[in-house]
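Participant: Give me a 3D structure for the following:
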Amino acid sequence: MIPKFDTYYTNLHSSFLIFDKFLDSLKKEYFNGFILIESNNKKAYLFMFEGESKSCLCTTDTGYKKINPVELTSLLVKNSFVSACWCVHEKVDFFSQAHTAKQVYSLPAKNSIDPEKLIAKCCQEKFTGYLETGSIIDREKIYIYFDEGNILGSMNVNKKDYYFETTPDKTSIQNKLLNIDIKLYKLSPDVRDKEKDLRSLLNCYGKIFKLLETQGKNRDFSSVWRKCALELSDKFIFLDPFAGEFTYKHGKIDLWEEVNINTAIRGIDELVHLIAGRTAIADNVIMTVKNRYLNLLAAYEIK
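Facilitator: Next up is the predicted model:
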């Protein structure tokens, strides 16, 4: 269901690729799109928005499921291939939620569907999801994507290696929907209250910082966390202590509101583990705080 877009890099062999450095290069270019890993008849996707990781998906027998970055990199076996496909951020948002798709209608060809009315209904009801035609011999199997009632694009699985195509006119689409089975899949919106999540997560990491500050062997904690943050600032720009986007004092973290929540949490998580190593504190001490926030951390792919 996820099509291919314009390829930025094509079929890079995993044996010749340092994946972390590859990610860093895309981050520096503010890349929009997804990285595709293909191995052992499986596909995994890492969606990126302006160079920041958004979500990871992999194919299953029934569709797609969300995975964490560790599971994604585990798919980089010897004979896997890596591509980077570019697309605009609206399509990143749409296809990164493919794992939420649920079938809402099944319309057999024998029902004599009126394609014009079907398309109009999807537009009028601001449908977000996709239409899938059945597989019939000598007929094209196509997908048509809708975003809040607007036709986002289409894919013909018999042409161009699953590439996303600029949508033809409605008459052309309607003709392809005549006398064929049709299924409609709806994408579920991201209904998380991210402002509330961010407050809770900053509270979690504030407690971890306080724990590191009180239990660490190095008593100049301000110097330690700033040095560690500076080391990570090439990967997470907001951590640069000279930028003023991230600060810690007296058990409280302050974060610039414009920092993406996913990026912020990944960066802060790496920071606390780096600090723990520098202050001779075992990671299981950090888990005494994290264990109270496991479900919330899992929602943002943090273990």
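Participant: mean confidence for the host helix or strand of residue 171?
Facilitator: Element membership for residue 171 (DSSP states H and E) is helix 170-176. For helix 170-176, mean pLDDT is 77.
Participant: any idea which helix or strand comes after that helix?
Facilitator: Next along from helix 170-176, by DSSP H and E: strand 182-186.
Participant: what comes into contact with the next helix or strand after that following strand?
Facilitator: Per DSSP H and E, the first helix or strand lying C-terminal to strand 182-186 is helix 194-215. With contacts defined as CB atoms under 8 Å, 6 or more residues apart in numbering, helix 194-215 is touched by 221, 225, 248, 251-253, 255, 261, 264-265, 268-269, 272, 275-276, 279, 281, 285-286, 288-290, 292-293, 296-297, 299-300. From N, CA and C alone the C-beta is placed, and that goes for glycine too.
Participant: so how far is the helix or strand following helix 194-215 from its chain's centroid?
Facilitator: As assigned by DSSP H and E, the chain's next helix or strand after helix 194-215 is helix 221-232. Here helix 221-232 shows a centroid-to-chain-centroid distance of 28 Å under the convention CA atoms, centre = their mean, to the nearest Å.
Participant: Can you give me the buried ones in the helix or strand just after helix 221-232?
Facilitator: In the C-terminal direction, the helix or strand that comes right after helix 221-232 (DSSP H and E) is strand 246-249. Within strand 246-249, the residues scored as buried using 16 or more other CB atoms under 10 Å are 246, 248.
Participant: got it, and stretch 147-159?
Facilitator: Buried residues in stretch 147-159 (16+ other CB under 10 Å): 147, 151, 152, 153, 154, 155, 156, 157.
Participant: now stretch 65-76
Facilitator: Buried residues in stretch 65-76 (16+ other CB under 10 Å): 66, 67, 69, 72, 75, 76.
Participant: ditto for stretch 260-280
Facilitator: 260-272, 274-276, 278-279.
Participant: Export it to CSV, keeping only CA atoms.
Facilitator: Extracted C-alpha coordinates of stretch 260-280, given in CSV (Å, rounded to 0.1, in the frame of the first residue of the first chain):
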residue,chain,number,x,y,z
ASN,A,260,9.6,18.4,17.9
ILE,A,261,8.5,16.1,20.7
ASN,A,262,9.8,12.9,19.1
THR,A,263,13.2,14.5,18.5
ALA,A,264,13.3,16.0,22.0
ILE,A,265,12.6,12.7,23.8
ARG,A,266,15.1,10.7,21.8
GLY,A,267,17.7,13.3,22.4
ILE,A,268,17.1,13.7,26.1
ASP,A,269,17.0,9.9,26.5
GLU,A,270,20.4,9.6,24.9
LEU,A,271,21.6,12.4,27.0
VAL,A,272,20.6,10.9,30.4
HIS,A,273,22.3,7.5,29.5
LEU,A,274,25.5,9.3,28.4
ILE,A,275,25.5,11.3,31.7
ALA,A,276,24.9,8.1,33.7
GLY,A,277,28.0,6.6,32.1
ARG,A,278,30.1,9.7,33.0
THR,A,279,28.8,9.7,36.6
ALA,A,280,29.2,6.0,37.2
